[in-house]
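[1] Sequence first, predicted coordinates after that:
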Amino acid sequence: MSPNIRSFVRDLAGDLLYATGITQPSKRIKDHPFSIVTFHRVLPAELLKSYPINGIAVTPSEFEWFVKLFKKHFICGTLSENFARWQAGEVTERPLLSITFDDGQLDNFVYAQPILKAAKIPATFFAVTNGVEYNETLWYDRLAYAAVKAGKSPVNIVEQAKTLSVGERLNLVQKFEQEVGGLARPDWDGMMNWQQLAELAEYGHEIGCHSMTHPILPLCNDTSLQDEIVLSRKILQENLNTPITSFCYPNGDADQRIINLVEEAGYTKAVTTKWGQNNNSNSPFTLKRFDIQGKTSRSRLGDLSESRLAWRLSPYFPKRM
């Protein structure tokens, strides 16, 4: 099937499913679903041009459009708030949805927070502790920025690096940075600090933990995992003076050893990158999420599509589309 025909079929199917009510969120309330959506970066178009992993970024205007649609079709709250309602079996007039942000990037505070505030919607922000403490660029951003400067494909190199051990990955990052003359992150980029995270908490948002350094957790030894899962939570709680009960697995990777430690550390739930809605059979420590992108929420004509987004947030969306 050619890309043009595929796009036409996709749009036609999305519109028909929405028009008949099949993918409208309100029609699925009887199933008592709990949806969690994932964002990473929110960057104006001019900054997005210089960000090498643009597949995990949306513009402020795109984010505002998503927020309005979420508010229209769902009851939005922090992960902890809606998780508690969902676990209790509370009957609601609309399905539950929580907006989550991974990594604790500065642009979340600068561009996403004002939009959430205007919409009066609280979200959950998963922070990487060393990123907050030292404004430490995450390894995948360091590698991607350096790869671009070296004339390489950043996405391919980052994906390959995820299979390496912690030491091998750090060596690769340092190798690329040495090749291009040091840290290649632009001046506008950075991580949120303690004051900004505290302000988010004061606004009613939830702060969750996303590890100490954003490693691939199953590749870490037991000693490192204590820092990444247990110590990181302790540092967040001490600096923010608020309970940290939600964990986000970096890159979505977790084995039973990781899951057990997250539960033992005092978290009450954890999110993955596995696609889909959550139902009563889901473990609190392997919650599914929908990764949200501007590109995949647009019709073949380039417009943001309500029916397209509704389809993607439904159980009926085929991943190959």
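    Arrived safely.

[2] List of residues touching stretch 65-73?
    Under the criterion Cβ atoms under 8 Å, 6 or more residues apart in numbering, residues 24-26, 37, 58, 76, 94-95, 97, 99, 115-116, 119, 121, 292, 297, 304, 306, 309-310 lie in contact with stretch 65-73. Where C-beta positions appear, they are placed from N, C-alpha and C, glycine not excepted.

[3] shaky segments in the protein?
    1, 3, 319-321 (pLDDT under 70).

[4] Would you map the strands across it?
    34-39, 41-42, 57-58, 75-76, 96-103, 124-127, 206-209, 246-248, 269-275, 287-291 (DSSP state E).

[5] can you redo these as TSV with distance to S314 and mean neighbour count?
    TSV is the format used below for the strands of the chain (distance: least, Cβ to Cβ, whole Å; neighbours: other Cβ atoms under 10 Å):
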stretch	distance to S314	mean neighbour count
strand 34-39	10	22
strand 41-42	24	26
strand 57-58	20	22
strand 75-76	17	20
strand 96-103	13	26
strand 124-127	22	28
strand 206-209	26	26
strand 246-248	23	28
strand 269-275	12	20
strand 287-291	10	20
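
[6] any chance of those in CSV, with distance to S153 too?
    Shown next, in CSV, are the strands of the chain (distance: least, Cβ to Cβ, whole Å):
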stretch, distance to S153
strand 34-39, 23
strand 41-42, 19
strand 57-58, 17
strand 75-76, 37
strand 96-103, 21
strand 124-127, 27
strand 206-209, 31
strand 246-248, 27
strand 269-275, 21
strand 287-291, 21
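
[7] Among those, which comes closest to R169?
    Closest approach to R169 among the strands of the chain is made by strand 96-103 (16.6 Å; Cβ to Cβ).

[8] Which secondary structure elements does the closest one sit against?
    strand 34-39, helix 60-73, strand 75-76, helix 79-87, strand 124-127 (3 or more Cβ pairs under 8 Å, 6 or more residues apart in numbering; DSSP states H and E).

[9] Among the ones you listed, which comes closest to G182?
    When these are compared (using Cβ to Cβ), the closest one is strand 124-127, at 25.5 Å.

[10] Tell me the strands beside the closest one, with direction?
    strand 96-103 (parallel), strand 206-209 (parallel) (DSSP bridges).

[11] Output those as TSV; include the columns distance to I5.
    Output for the strands paired with strand 124-127, formatted as TSV (distance: least, Cβ to Cβ, whole Å):
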stretch	distance to I5
strand 96-103	33
strand 206-209	42
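
[12] Kindly reformat the helices and strands packed on strand 96-103 as a markdown table containing distance to E177.
    Shown next, in a markdown table, are the helices and strands packed on strand 96-103 (distance: least, Cβ to Cβ, whole Å):
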| stretch | distance to E177 |
| --- | --- |
| strand 34-39 | 27 |
| helix 60-73 | 30 |
| strand 75-76 | 40 |
| helix 79-87 | 35 |
| strand 124-127 | 24 |
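
[13] Looking at the ones you listed, which is nearest to V155?
    strand 34-39 (17.5 Å).

[14] tell me which strands and helices that closest one is in contact with?
    Against strand 34-39 (3+ Cβ pairs under 8 Å, 6+ apart) you get helix 60-73, helix 79-87, strand 96-103, strand 269-275, strand 287-291.

[15] Including distance to L17, could these go into TSV?
    Formatted as TSV, the helices and strands packed on strand 34-39 follow (distance: least, Cβ to Cβ, whole Å):
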stretch	distance to L17
helix 60-73	14
helix 79-87	25
strand 96-103	19
strand 269-275	18
strand 287-291	16
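
[16] closest one to A184 among these?
    That would be strand 96-103 among the helices and strands packed on strand 34-39, by Cβ to Cβ, at 17.8 Å.
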